[in-house]
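Kindly generate the corresponding structure for this input.
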Amino acid sequence: MRSSKQTRRAAAVSILAAAVVLAVTSCGTSGGVGGSAPASQAEVGAGQTVTLNYWTWFPAETTLKKSISAFEGANPTIKIKLREFSNTDYQKQLPLALNGGQDLDVVGVQISAMTNAVRTQLRPVTSYAADLPKDWQDRINPTMLNQTRQIAKDKVLYSVPMGSIGSAILYANQDLLAKAGIKNLPATQAELTADIAKIKSAAPDVDPVVFSGESWWQDEMFFTIAGQQNAKLSDELYTGTAAWDSPRLVEALTTYQNLFKDGTLDKATLSLKEADANNKFNSGKAAFLVGGSWNSSVLSASYRNAGGISVGDVSAGAFPVVVPGGSPTARTYAEGGLAIPKSSKYPAQAAKFIEFMTMDKAGVSTWASDLVLVPSLTGYKLDSSVLASPAAQAGYAEIGKLIDAGGSGRNAYSTTFTTDVLDNTLLDVARGTTSPQAAAASLKSAWESGRYPVQ
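Coordinates of the predicted model:
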């Protein structure tokens, strides 16, 4: 599940639901600046069948066919005509189709990457709220709902989030841990260091910890670690409420560098690509994988069997706390929204499909078992049949807790500063080729240059 930056890598829960409701309902029903006027609802006679044109890139087509079949079975007068695209092609084709007045009724929206590119051609959710359940806002996780609204420049809610993603997450090969005499996932740096020593002794041909060494993954790792002390640090940096050379950032950079300097994390891992790290873990050549929640499919025994993954059992949890006095955290963001274009002549029927896919347990269950998104449906629990082992079940529940806790927003700020400056600087810090102080000064200078505005 990737978008723009997520093509390569794939507001706290304490915000009161009432505050979210007020913010959403206070928005007008206009489509923002620009865009065409919404089409009127077509008259539909009793028993008349309506066909909705649905474009998306997610979930996988085989999964969506099951979802659509279940929806049509429950709603015999509404048919869904699906067209699925690859991720990158969709980012090009959807804006063209919407601006060209294509006859579309429901569209998937990559919330962080696409909202502002297509919002002027989408109906605000408030404009068809009457066709949703009266308690629809209570059915959606308030953090995900607020994140979706906040990403739009005009702070209008244009799509209903299907779910959320988060990083960094620690995945573990349970068989290798058992071989090394490890009963639980490491919760602290001391425990991680001890576990690494046990793994090296019990299985010297295995890498204890692997992850992507590519530059794009660096801010995922770094802000997860920095967030253990200050969960909102990246938000504060990107919004200007904290300086890029602040003592807190220098301290976080120092902690990150020391993980590699003292050997807790092997610098050799920085030569791995994401696919390399995944392959090592999936082939039983690595005990721990640090990845995103989009890797959660590996928790499923049926997924592993279908993919020829030679790992017996997998667990998951938070990246160990390496900051004194810190708490487990993950960066999160709502993703995979469903929206109704202004061109749709059947918004009432389209709203019914969106309700099924995001607010109805029966509908959510048709795609949630893919384990790519943590569903936005309030209180949703994955069916116990999806994950066979207690370790996998507990791991998925822990991922959900981390995401629901609402750490700093990943991909929440559209600026080339992240890819052009920050990620490469963090890689230099990890390699030990630049000091935390020099890195912080360089980041501040680049940020204040004016070359990298937040869009």
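
next structured bit after the helix or strand encompassing residue 251?
Assigned by DSSP states H and E, residue 251 falls within helix 247-261. Sequence-wise, the next helix or strand downstream of helix 247-261 (DSSP H and E) is helix 274-282.

For the helix or strand just after that following helix, list the C-alpha coordinates in CSV.
Per DSSP H and E, the first helix or strand lying C-terminal to helix 274-282 is strand 286-292. Provided in CSV are the C-alpha atoms of strand 286-292 (Å, rounded to 0.1, in the frame of the first residue of the first chain):
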residue,chain,number,x,y,z
ALA,A,286,16.8,-12.8,9.8
ALA,A,287,15.3,-12.9,13.3
PHE,A,288,13.8,-9.4,13.4
LEU,A,289,12.5,-7.2,10.6
VAL,A,290,11.8,-3.5,11.1
GLY,A,291,9.2,-2.5,8.6
GLY,A,292,5.8,-0.8,8.3
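
The next helix or strand after strand 286-292: which residues count as buried?
Sequence-wise, the next helix or strand downstream of strand 286-292 (DSSP H and E) is helix 301-306. The neighbour-count check on helix 301-306 (16 or more other C-beta atoms under 10 Å) flags 301, 303, 304 as buried. C-betas here are computed from N, CA, C, even on glycine.

Pull the residues that contact helix 301-306.
With contact meaning C-beta atoms under 8 Å, 6 or more residues apart in numbering, helix 301-306 is reached by 282, 297, 298, 309, 311, 313, 314, 371, 387, 388, 389, 392.

now do stretch 417-425
So stretch 417-425 is contacted by 5, 215, 216, 218, 219, 434, 439, 442, 443, 446, 447, 452 (C-beta under 8 Å, 6+ apart).

Counting neighbours, what do you get for residue 262?
10 (other C-beta atoms under 10 Å).

ditto for the one 3 residues further on
When neighbours are defined as other C-beta under 10 Å, residue 265 has 23 of them.

OK, contacts around it?
Residue 265 is in contact with 209, 259, 430, counting by C-beta under 8 Å, 6+ apart.

And residue 360, by the same measure?
With C-beta under 8 Å, 6+ apart, residue 360 has these contacts: residue 377.

quick one: it from residue 74, how far?
The gap separating residue 360 from residue 74 is 9 Å, by C-beta to C-beta, to the nearest Å.

What of residue 282?
Applying C-beta to C-beta to residue 282 and residue 74 gives a distance of 37 Å.

which one of those two has more residues nearby?
Neighbour comparison, residue 282 and residue 74: the larger count goes to residue 282, with 20 against 13 (by other C-beta under 10 Å).

how close does the closest residue to the more buried one other than its chain neighbours get to residue 79?
Nearest non-adjacent residue to residue 282, counting by C-beta to C-beta, 6 or more residues apart in numbering: residue 309, 4.4 Å away. Distance check for residue 309 against residue 79: by C-beta to C-beta, it reads 37 Å.
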